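J.: Quick one, what's the 3D model for this:
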Amino acid sequence: MIYTAIHGGLGNQMFQYAIARSLSFYYKVPFKLDLVKMENYNLREFSLDLLNVSANVANRSEVKKYHNSKYKDYLLRQLYRKNIKLTNKIFEKNEFQYNEIIFENSDVYLDGYWQSYKYFENIRDILLEEFSLKSDFNLNNQSVLKNIKASNSISIHIRRGDYLLNNTNRNLYCVYGIKYYFDAIAFLSKKIDNAHFFIFSDDLDWARKEIIIPNATFVDANCKENFENDMFLMSKCKHNIIANSSFSWWGAYLGSGTGKVIVPPQWFGPKGPQDIQDLIPEKWMKI
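T.: Got it, this is the predicted structure:
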């Protein structure tokens, strides 16, 4: 059996699901989701149930042995980083760096973020099916989708909310202003004729004030509820300008794979991980 600890927002949850789904496919064994960490996580809710995922949720008795004290977990994590493994609980050694050792065991509990496309590139087609919405778009989203399909559409994702308001995130992530976005817009405008920009943000008031460009649609159908629809509308755009956010990362990854994807020059600030070589697919471009 493969268990994967689920925590964080939807984008993080999708990465944690994807590595377990890939390992399950590789060994042809079942996998389950452990939601214990979500019980005390106040920033986000479990959201994978909005998608057509195939995994079941583990009950507490199944995963009880994997939930040690924080002190014991810390010691086990440090030992694992030194290639000393005492249990089949696998911790992430280095964030954003692919570790092929993960595929050496079919009986594991995975604890980490696992944000590298290399873990699941081999099952991309499966994920495209399972990472699809259970619910249909409402009329407003259907109208946006119609315009996306009818134009040379470029999504722009701007993330500000928790990156500014949450103390931990504010010290960890870069918060990009208009320069990054205007540089990306200028670059794609030279490559794509009659481009139409679809702007998604958790702070649309700021976006409307700062991103003043022709041929722009500010998508406001999902500001307070049904936030997952924004990700899938982004995935339908022909090209993407993403934020340093796992949410818009998946919005681009779930697309056709043939469009241009622009990513920020840095994912984190000075206090965060600097080596994210395995997060960004080779064809994506930094501006």
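
J.: which residues in the protein form helices?
T.: Assigned by DSSP state H, the helices in the chain fall at 10-27, 60-63, 70-81, 124-130, 139-149, 161-165, 167-172, 178-191, 204-210, 228-236, 246-253.

J.: Gln115 is nearest to which of those helices?
T.: Distance to Gln115, taken as Cβ to Cβ, is lowest for helix 10-27 among the helices of the chain, at 5.0 Å. Where C-beta positions appear, they are placed from N, C-alpha and C, glycine not excepted.

J.: gap between the closest one and the chain center?
T.: The chain centre lies 12 Å from the centre of helix 10-27; the measure is Cα atoms, centre = their mean, to the nearest Å.

J.: Ok, stretch 194-205 next?
T.: 19 Å.

J.: just to revisit the earlier point, go through the helices of the chain and name the closest to Val108.
T.: It's helix 10-27; of the helices of the chain, that one is closest to Val108 (Cβ to Cβ) at 7.3 Å.

J.: Quick one: the helices of the chain as TSV, columns for distance to Ser47 too.
T.: Listed next are these as TSV, based on distance: least, Cβ to Cβ, whole Å:
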stretch	distance to Ser47
helix 10-27	4
helix 60-63	20
helix 70-81	25
helix 124-130	14
helix 139-149	17
helix 161-165	15
helix 167-172	18
helix 178-191	26
helix 204-210	21
helix 228-236	7
helix 246-253	10
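
J.: how about the ones you listed, which one is nearest Phe46?
T.: Closest approach to Phe46 among these (Cβ to Cβ): helix 10-27, 7.2 Å.

J.: quick one: buried residues of the closest one?
T.: Within helix 10-27, the residues scored as buried using 16 or more other Cβ atoms under 10 Å are 10-24.

J.: tell me what that helix is packed against?
T.: Helix 10-27 sits against strand 2-5, strand 31-34, strand 108-111, helix 124-130, helix 228-236, helix 246-253, with contacts defined as 3 or more Cβ pairs under 8 Å, 6 or more residues apart in numbering; DSSP states H and E.

J.: at 7 Å instead, please
T.: strand 2-5, strand 31-34, helix 124-130, helix 246-253 (3 or more Cβ pairs under 7 Å, 6 or more residues apart in numbering; DSSP states H and E).

J.: what's the angle from the last one to helix 10-27?
T.: To tie it back to what came earlier, the one meant is helix 246-253. Calculated by axes from the mean of the first three to the mean of the last three Cα atoms, to 10 degrees, helix 246-253 forms an angle of 60 degrees with helix 10-27.

J.: same question for helix 246-253, mean pLDDT?
T.: The average pLDDT within helix 246-253 is 97.

J.: The second one now?
T.: Mean pLDDT, taken over the full extent of strand 31-34, equals 98.

J.: same check, this time on the first one
T.: Model confidence over strand 2-5, given as mean pLDDT, is 98.

J.: For that strand, which outside residues touch it?
T.: The set of residues external to strand 2-5 that reach it, using Cβ atoms under 7 Å, 6 or more residues apart in numbering, is 16-17, 19-20, 23-24, 29, 31-34, 37, 58, 63, 66, 106, 108-111.

J.: Buried ones among those?
T.: Among these, those classed as buried by 16+ other Cβ under 10 Å are 16-17, 19-20, 23-24, 31-34, 58, 63, 66, 108-111.

J.: in the chain, what spans have low per-residue confidence?
T.: 161-173, 224, 270-272 (pLDDT under 70).
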